[in-house]
Each structure stands twice: as C-alpha cells, then as structure tokens.
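1. Pasted the sequence and its predicted model underneath.
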Amino acid sequence: MKTTVIGAFPKISDDQQGQELRRALHRFDRHEIDADALDEVYDATTRRAMAELEAAGIDVINDGQIRWDDLFAVFARAWGGVARGPLERFYDNNTYFRQPVISKPITTHGRTLASDFKLARAAAKAELKGAVCGPLSFATLTAEDKAYKSLEERTLAVADALAAEIRGLGAAGAKLVDVEDPAVVARPDLIGLARQAYERLASAGVPIALQAYFFPADGILAELATFPVQQLGVDLRSRETKALGALGTLTGKTVVIGAVDARNTRLETADEVARLVDGAVRALDAEHVWVAPTTGLEYLPHDVAARKLAVLVQGTRAAVGVAA
Amino acid sequence: MSDILLTTTVGSFGKPEYLQKARNAFSRGKLSRDELTELERRATKEWIGRQEEIGLDILVDGEMYRGDMVAYFADLIDGYREGGLVRSYGNRYYHKPIIASKVSRPKPMTVDWFRYTQTLTDRPVKGMLTGPYTMLDWSFNEAYRTRRDAALALAEVVRQEAEDLEKAGAKYIQIDEPAIHARPEEIGIAIEAMGIVTQDLKAKTISHICYGDFAAIYPQVLDLPVDQLDLAMSNYEYRWLDLFDKHPFTKELAIGIVDVHKHELETVDEAAEGIRKGLRYVTADRLYPHPDCGLKTRTVEETVDKCRVVVEAAKKVRAELKAKVPA
C-alpha cells in the first residue's frame, strides 16, 4: 500500500518566504524580470513542493504542477489548433480556468511536459509520476470547436493528443501517469465515450491512473472496472458516496482512495483515514490500495494542505500497522 | 431618468491607486482604520460622481471598502474565521474564509455605507449583499453538519442585513448568487435560503448570477424568490437567451452587454445589439442593461469607457423604440 498525491500543490504559502513565485510573477508582469529569471523561480518552487511531499512521507509524488495555471493551460498553450478562451469556474470550485477554444485539428509533438518531468526527476528522491488532463474533461469544457463535428470526434482527437503526451512522458522516464478527468464522474452519461478515449490513451504503452474526483463514482464503478487503466482514483469524501462498500467491483485494478478532503479545511483524524483504508482493504488486496487526498491540494491554504498530508500518512501507517 | 432600459452596474469598481496603496499600508499597520475609511469615502464619492456623469440610472457604491464579496462579510459575521491564501486564478489569491462555529450578525455590515452613498446622489443606490448560498459555497464549512444547514443559518444573517437596508431607504436590494450553479442539484437549497432573505422585503430584489453553467439550473432558477435576475450574457455571446425559447423567462432581466474580462472596448452598436436580443424576451420596462459582472478587475478608465458604452447603447435603443411608437 502506498500513499500518493493528485494534481496541484499550493504554489504559495501565507508567510512572506513562501510567496516568492507570486512576487516573481508580479515582477514579470511589470517587466522587472525576464522569462529566464521567472523560470528559475518556477524551478525552485517545484523543488520545494516536491521536497515537502517527500518530507511528509508521501511514497509516490508528482511535481506539484507549479507551472499549471489550470488543468488545461499547459496543453492549450502548447498544442496547435487550440487557444485559451473565456474564463469559467472549474466545476463546483470558486477557482477559474480558461476554456479551450479549438480552431483547427489539434497537433502536438508530444513533448509538452517532457522537460518539466526530467527536471522533477532529477530532483526527486521518492518515486515520481507524471500527469495530464483528461480527454473527456478537456472536450466537454471546450468553449468553441471549429475543427470537429461532434463531442465524440473532439474527445477522441483530444485523447490522441494526450496519448502522444503520455508517450512523451514515458520517454522522459515516467512509469505512471495520472489522467485527471473529473468529467468521467461528472458526466456518467458519457461513460461509453470515455472508455473509447481511454483505449486511445492506453495505446501509449505507459501505465495510467484515471483520477476522477469531485463527484461520486457509485453509478459507474462496474463500467470503470473495464477501462484499460492500471489505477482508478475514487473520491470517498467530497460528496455522499457508497463507493467504499463497492470497491470489490474494481478487483484487478489498483484503487487510489481519496481519503482526506482536499476541498475543506476540516481536518480528518488519522483514525478516520485508517477506517477508510481498512474498508478498502476488506474489498481489495492491500497492495492494490493506494491512499491520497481527494484531489489537488491547491484548493486548500498551504498550512492546511500540509496538515492533511500528515494525517493521510499517519492514518495509512496506522491502518497497515506501521509506526507513524 | 427614463422609464425603460434603466442602466446599472453589477457592483464593484476598480479601486484608485491611492486607495490600493492605503489598503496595503493599513494591512501593514501603517495606516489607521479611520484614515483608511476616509479614503474609502473619498473613492466612493468619486465613483458616484463618475456614474452620474456617465448617465447611469441606478447606482452602486462601487465597494471601495471591500476586498472580496465573501471575505468582507465573513470578517463581520461571528462564527467565521479568516482562512489562509487560496488561488482563484492565475496569480490571484484570496483568504478563503472558514465557517468555524454557528454564525450570527453582531451589527449591520453595509448599512452605514448605503446611507453615506445615498446622501451623495438623488439617483437610487442599490443595497449590495452576497447571498447565503454563495457565502456557503465560497467558504470552508467546519461548523455545520450539512451544506443546507449552513446555507439556512447564513440566510438568517443576510435577511437581517437586507431588512436593515430597507429600513435605511434602499429601494433596490441586490443579493448576489454567482455560485448558484456550482452544484445544480442544490438549487433547491439556494431557493429555500433566498426565500428566508426576501420573504418580508418590499424593495425590488435582484440576484446577480455569472460564470457558470446557467443552463444547468434553468428553468428552476425562476423559482428563486427575487424580482430580477442579473445575468452575464455578453461573455457567453447571449447563448443563455436560447433557453428562454423553451421556457419563457418570467422575471425582470438585467442583461450583461459588455464583457468585463476583456480590455477591448465594445462598440455602442455591439452593445445595442445585446439589448435588442434581450428585448425579444423581456419588455423594455423590465430590461436593465449593464456590464456582465463587477468591474473591479478593470482600470478606472476602462470601467468608465465600458459603462459609457452601456449608457449610449441604451439611449440608442430607447430612440429606436420611441421612433416605432406612433405619435
């Protein structure tokens, strides 16, 4: 059993020392520093986030997505045929993203994230995984599409582009790539289309983890079990859900249980986390259970995110009988 | 003041540089509360002057004394405590408040500002509040077992404030619910909570809704107990109007006809076309042109220009309507 994280880590903290990136971005906007100087701050902030995840005892870390403005931004900036469009709230969060706008068929060289991953890999002491956005989320949250005739066509085109990115991450050394795709649980009516898209992603030949969060997966667990992915993230905290009792449906997959709520400051106890882990282990082999926050910790202030990580590790270790 | 196509704005305006500096100085303990308040009053007076000069019909105080539409109230409501910094977008962060215990209102929160602003103008000034569902949704909830429990408790606080605004003379009270479509399955909670706020009000009640999937809550949102819905439309190229073809819109409509997140200025003709689109669904006496949302992210100059476009567009369409009426 391993602990892990999903998505973005807080880019700044409340104390002055923790706001270097915020200050650097302001200075960049005022043309007081150049892109190279800003890049250095991004790199340093990334290393700091990773070190913090490692110090908390997280077994499999990511790079904290410090360069990601939102889930789609890095791709919409890099891909041909795509631009960043109107501002919109991201699902039920008071956090905004720019909706993709597709003007021409999407093109990518597939190395959008490769150099970031290599940088992170050089700094990582713990196991490191990559991440991409989910094809269904990208396609369903697109504001305008002049290239594809239908949602189906768009979703599969985005999946092809993401498969190239996953391949690129694999070439950069990634052994596991998270695919963050809340639309899979937000739009259960599209589960068939989602499955087709994941078949395209699987063709990249790199193990992938479908991280679906914000909404309960209760109604589609059986379908998710058939997805060609190695891992499935299941949010057990954001909303009312009976998914814990039905995890046996997912036998054969590694299930990443969202065990601390990354969208509320109320701090879970280690006991609460341990009880969820125990519940998961009753349905699945322990080696097929990973434990994580429900989603990216960036929805929380930095200090609370740090406390949530501590509880996550304590609760997991308590459940498996390892001294915290 | 015309009796049709009354122009207004959603609430916030950009803070002048001297006020931004003063707020920073205040947060560093370099300026007293009284000194800051004096500058906030000065900026409010300037914005009232600008709104009158532009020719807007229903005015706002511009929220010179607020940082954020939830945090301002959270600071004044017992039961809240300040949370740490959370990113909203890009390099923008805010202190997301935490509902830490049962909420209550120790004293009025906006009434003095309303009274002061109304003394500066003969035109009506709107009382401006944040709705209970948005207060809940944009806070962390550690105190209430369910989101409904928290929303209804906050509704009681907002009701007290709305009633005090009415007693102070407010003829228009806007209770914003931009988060109402965050969880479409909870629209019933938002409606129930708003009912607590508006049940005894005689003033015209308005609710501003923006930046979300309006289609997901339509037509249920027509049950929100307010007289007027105030909707961002320009940013969405007016696509929400298509919904009104299937289910007729039954309230007054404040229609956003300029995009507040773009530096570029719309032409009067473009904005006038937005009004004409709205007139397909709502009569001119029930249609209120305005910018899509609060203008606090725009500069003073951009704000004035955008508002001027709204006013000129309304004048243009009023003239067209007048020309159609036989003498």
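-> Received the coordinates, thanks. Only a predicted model underlies this, so the values are computations on that prediction, with no experimental measurement involved.
2. Most proximal residue of the stretch 1-150 of chain B with respect to chain A?
-> Using CB to the nearest CB, the point where the stretch 1-150 of chain B gets nearest to chain A is B:G84, with a distance of 2.4 Å. For glycine as for every other residue, the C-beta is placed from the backbone atoms N, C-alpha and C.
3. What is the burial count for the residue lying closest to A:D59 once chain neighbours are set aside?
-> Of all residues beyond its chain neighbours, the one nearest A:D59 is A:K2 (4.0 Å), with distances taken as CB to CB, 6 or more residues apart in numbering or on different chains. By other CB atoms under 10 Å in any protein chain shown, the residues close to A:K2 number 16.
4. Okay, and the beta partners of A:K2?
-> Counting by DSSP bridges, A:K2 is bridged to A:W290.
5. So B:Y94: helix, strand or coil?
-> When classified by DSSP: H, G, I helix; E, B strand; the rest coil, B:Y94 comes out as strand.
6. what's near enough to touch it?
-> B:Y94 makes contact with B:G67, B:D68, B:A71, B:L85, B:V86, B:S88, according to CB atoms under 8 Å, 6 or more residues apart in numbering or on different chains.
7. Around chain A, which positions in the stretch 151-300 of chain B sit nearby?
-> Contact residues, the stretch 151-300 of chain B versus chain A (CB under 8 Å from any CB of the partner chain): B:A179, B:A182, B:R183, B:Y211, B:G212, B:N235, B:Y236, B:H261.
8. Tell me which residues touch the residue lying closest to B:S12 once chain neighbours are set aside, please.
-> Using CB to CB, 6+ apart and skipping residues adjacent in sequence, the residue nearest B:S12 is B:G294, 3.5 Å away. Shown in contact with B:G294 (CB under 8 Å, 6+ apart): B:T9, B:V10, B:G11, B:S12, B:F13, B:E63, B:M69, B:V260.
9. Where does pLDDT dip in chain A?
-> A:322-324 (pLDDT under 70).
10. repeat that with 50
-> Within chain A, the ranges that satisfy pLDDT under 50 run A:324.
11. Which stretches in the stretch 51-200 of chain B count as strands?
-> B:78-81, B:85-89, B:92-95, B:98-104, B:127-130, B:140-141, B:172-176 (DSSP state E, counting those that start in this stretch).
12. any idea where the helices of chain B begin and end?
-> Secondary structure of chain B (DSSP state H): helices at B:17-27, B:33-54, B:71-76, B:111-119, B:132-137, B:147-167, B:187-198, B:243-246, B:268-279, B:300-324.
13. returning to what we had before: ChimeraX command to pick out the buried ones of the contacts of B:G294?
-> Buried members of the contacts of B:G294, defined by 16 or more other CB atoms under 10 Å in any protein chain shown, are picked up in ChimeraX with:
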select /B:9,10,11,12,13,63,69,260
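14. Nearest to B:Q220 among the contacts of B:G294?
-> Closest to B:Q220 out of these is B:V10 (22.4 Å), distances taken as CB to CB.
15. ok now do that closest one, which residues does it touch?
-> Counted by CB under 8 Å, 6+ apart, B:V10 has contacts B:V60, B:D176, B:H208, B:C210, B:D230, B:G256, B:H290, B:P291, B:D292, B:C293, B:G294, B:L295.
16. among those, which are in strands?
-> Judged by DSSP state E, the subset of the contacts of B:V10 located in strands is B:D176, B:H208, B:D230, B:G256, B:H290, B:P291.
17. Same list, these, but as CSV with distance to B:V111, neighbour count and pLDDT please.
-> Below are the ones in strands among the contacts of B:V10 laid out as CSV (distance: CB to CB, whole Å; neighbours: other CB atoms under 10 Å in any protein chain shown; pLDDT from 0 to 100):
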residue, distance to B:V111, neighbour count, pLDDT
B:D176, 17, 24, 97
B:H208, 20, 29, 96
B:D230, 22, 27, 96
B:G256, 28, 27, 96
B:H290, 24, 29, 97
B:P291, 26, 25, 96
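18. I'd like to know which of those is nearest to A:L250.
-> B:D176 (42.2 Å).
19. Could you check how far the closest one is from chain A?
-> 13 Å (CB to the nearest CB, to the nearest Å).
20. Would you check that that residue makes contact with B:V60?
-> No: using CB atoms under 8 Å, B:D176 makes no contact with B:V60, being 11.5 Å away.
21. where does the residue nearest to B:S12 land on pLDDT?
-> B:G294 carries a pLDDT value of 91.
22. how much space between it and B:A232?
-> Separation of B:G294 from B:A232 (CB to CB, to the nearest Å): 10 Å.
23. same question, A:I33
-> Taking CB to CB, one finds A:I33 at 35 Å from B:A232.
24. out of those two, which sits in the more crowded spot?
-> B:A232 (24 against 18).
25. Now that the more buried one has come up, it's in contact with B:H290, right?
-> No: using CB under 8 Å, B:A232 makes no contact with B:H290, being 9.7 Å away.
26. any residues in contact with both of these two?
-> Shared contacts of B:A232 and B:H290 (CB under 8 Å, 6+ apart): B:G256.
27. Quick check: the residue of the stretch 101-250 of chain A nearest chain B.
-> A:R239 (8.7 Å).
28. That residue contacts A:A217, correct?
-> No: counting by CB under 8 Å, A:R239 sits too far from A:A217 to count as a contact (10.3 Å).
29. When those two are compared, which one has more neighbours?
-> A:A217 (24 against 16).
30. and the more buried one, what are its phi and psi?
-> phi -100, psi 10 (degrees, to the nearest 10).
31. go on, A:Q99?
-> phi -70, psi 140.
32. what sits against it?
-> A:R84, A:G85, A:P86, A:L87, A:E88, A:L141, A:T142, A:A143, A:E144.
33. What is the neighbour count of the third one?
-> When neighbours are defined as other CB under 10 Å, A:P86 has 18 of them.
34. Export the stretch of helix or strand it belongs to to CSV, keeping only CA atoms.
-> Under the criterion of DSSP states H and E, A:P86 resides in strand A:80-89. Coordinates of the C-alpha atoms in strand A:80-89 are reproduced here as CSV (Å, rounded to 0.1, in the frame of the first residue of the first chain):
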residue,chain,number,x,y,z
GLY,A,80,-1.5,23.6,-32.4
GLY,A,81,-5.1,24.4,-33.2
VAL,A,82,-6.0,25.2,-29.6
ALA,A,83,-6.1,28.5,-27.8
ARG,A,84,-7.2,29.6,-24.3
GLY,A,85,-10.7,31.1,-24.3
PRO,A,86,-13.1,32.6,-21.9
LEU,A,87,-12.8,32.3,-18.1
GLU,A,88,-15.1,29.9,-16.4
ARG,A,89,-15.4,28.4,-12.9
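35. Pull the distance from it to the chain's centre.
-> 19 Å (CA atoms, centre = their mean, to the nearest Å).
36. In it, which residues are buried?
-> Those buried within strand A:80-89 under the rule 16+ other CB under 10 Å are A:G81, A:V82, A:R84, A:P86, A:L87, A:E88, A:R89.
37. and the residue of the stretch 201-324 of chain A nearest chain B?
-> A:P301 (2.4 Å).
38. From what I see, that residue and B:R81 are in contact.
-> No: contact criterion CB under 8 Å: A:P301 and B:R81 do not qualify, at 12.0 Å.
39. Among those two, which residue is more densely surrounded?
-> Looking at A:P301 and B:R81 with other CB under 10 Å, you find the greater number of neighbours at A:P301, namely 25 against 14.
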